[in-house]
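> structure for the following, please:
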Amino acid sequence: MVNLEALWRKAAALLQQAGIEDAAFDARELCRMCCGADPLCAPQAPVSEAARRRLAQLCARRAQHEPLQYLLGEWDFLDFTVEVGPGVLIPRPDTECVAETAMAALRHMAEKLGCVCAPAALDLCAGTGVLAIAMARSVPAAQVAAVEKSGAAFRYLQHNCAALAPRTVAVQADVFGYENVLAPQSVDVIVSNPPYVTAQEYEALAPELFFEPREALVAQQEGLCFYHHIAPAYFHALKSGGALVFETGSGQAQHVAALCTAAGYTGVSVRCDAAGLPRCVYAEKP
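Below is the predicted model of the structure:
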């Protein structure tokens, strides 16, 4: 019987030949899922025929550039793990700086409010819900809502919120119009990682991205239409001193910052992700 290490090396070679960038890592993760053991920790572990067949099937799909995250059915974000799959955008490390900025803003508002009332937060274009969940876990007393239009993505949002932040309310709605149901001065922090890829940029993306929902990636107006809408349309819903936090794409941060300033926000700043790239725009309502 072939041992686990040999099977892992064979899978890694197959993925490398297919042009998968992190072939050894991906093969290891698939081995762990299919065989129930880590090839680096238990190299001599025997592998059943059923596990070998399952691994071969998943490696064949990964070799076709289907995202590893979809094959695993879950992915880590900050200190928690969310369910992912076809129909929902995969959480990425780039977004962690956005989450940290929103979490800090919500904690600040919670400190200001003290015991008077719980702060309220809103995640627009929520996808898997990682931003809403991060805020809810950071300030357990907070009233957090997560808004997602796509039916496929909403199912993941509901599941992840129920599993990781049960008090978070998942709302299936279009952010182009949801502002009309919000009362003035009712929200302390609004965060959004909206679609921001241009149609031209989309055509040049890595093949894995074509498995993810196009509507979660591509936006009109050179990738800026969601920012053009959200910044002014949700201004009324923020409390004075409340924060608006955006994730932005390559080369967009300064433009989005200018949009926020034009919409009446103050204290506008651009923050970088772990790679040192401008990724997050922070703005406050005066």
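
> low-confidence stretches in this protein?
Under the criterion pLDDT under 70, the flagged ranges of the chain are 1, 115-116.

> tell me how it divides into domains.
Domains of the chain are assigned by automatic domain parsing as 4-64, 87-284.

> for the last one, what is the distance to the chain centroid?
In terms of CA atoms, centre = their mean, to the nearest Å, the centre of domain 87-284 is set 9 Å apart from its chain centre.

> does Asn160 belong to a helix or a strand, and which?
When secondary structure is defined using DSSP states H and E, the element that contains Asn160 is helix 151-164.

> please disregard the earlier target; I meant Val82.
With elements delineated by DSSP H and E, Val82 resides in strand 80-83, which encompasses its position.

> can you pull out the helices in this structure?
Counting by DSSP state H, the segments of the chain that form helices are 4-17, 23-35, 49-63, 68-72, 96-113, 130-138, 151-164, 175-178, 199-203, 220-223, 225-233, 253-262.

> just those helices: most buried one?
Between the helices of the chain, the one whose residues have the most neighbours on average, counting mean count of other CB atoms under 10 Å, is helix 130-138 (a mean of 26). In short, each C-beta sits where N, CA and C put it, glycine included.

> which elements pack onto the helix holding Asn160?
Helices and strands in packing contact with helix 151-164 are listed as strand 80-83, helix 130-138, strand 143-148, strand 169-172; criterion 3 or more CB pairs under 8 Å, 6 or more residues apart in numbering; DSSP states H and E.

> hmm, who's touching the lengthiest strand in the chain?
Of all the segments of type strand in the chain, defined by DSSP state E, the longest one is strand 238-247. Judged by CB atoms under 8 Å, 6 or more residues apart in numbering, the contacts made with strand 238-247 from elsewhere in the structure are 94-95, 98, 101-102, 105, 109, 112, 185-194, 196, 227, 230-231, 234, 256, 260, 265, 279-286.

> kindly export it (C-alpha atoms) in PDB.
In PDB, the C-alpha atoms belonging to strand 238-247 read as follows (Å, rounded to 0.1, in the frame of the first residue of the first chain):
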ATOM      1  CA  LEU A 238     -24.200  56.900  10.000                       C
ATOM      2  CA  LYS A 239     -24.100  58.500  13.400                       C
ATOM      3  CA  SER A 240     -22.000  61.600  13.900                       C
ATOM      4  CA  GLY A 241     -18.400  60.300  14.600                       C
ATOM      5  CA  GLY A 242     -19.300  57.000  12.900                       C
ATOM      6  CA  ALA A 243     -17.000  55.400  10.400                       C
ATOM      7  CA  LEU A 244     -17.200  54.200   6.800                       C
ATOM      8  CA  VAL A 245     -14.600  51.600   5.800                       C
ATOM      9  CA  PHE A 246     -14.000  50.400   2.200                       C
ATOM     10  CA  GLU A 247     -11.700  47.800   0.600                       C
END
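
> nearest to Ala120, out of the helices and strands packed on helix 151-164?
Shortest distance between Ala120 and those, using CB to CB, is found for strand 143-148: 4.5 Å.

> what angle do helix 130-138 and the closest one make with each other?
An angle of 170 degrees separates the directions of strand 143-148 and helix 130-138 when computed by axes from the mean of the first three to the mean of the last three CA atoms, to 10 degrees.

> contacting residues around stretch 214-234?
Counting by CB under 8 Å, 6+ apart, 88-89, 122, 124-125, 127, 150, 153, 175-176, 179, 182, 187, 190, 192, 194-199, 201-202, 205, 209, 244, 246, 248-249, 252, 255-256, 259-260, 263-265, 283 sit against stretch 214-234.

> end to end, how far does that stretch reach?
Between the opening and closing residues of stretch 214-234 lies a distance of 25 Å (CA to CA, to the nearest Å).
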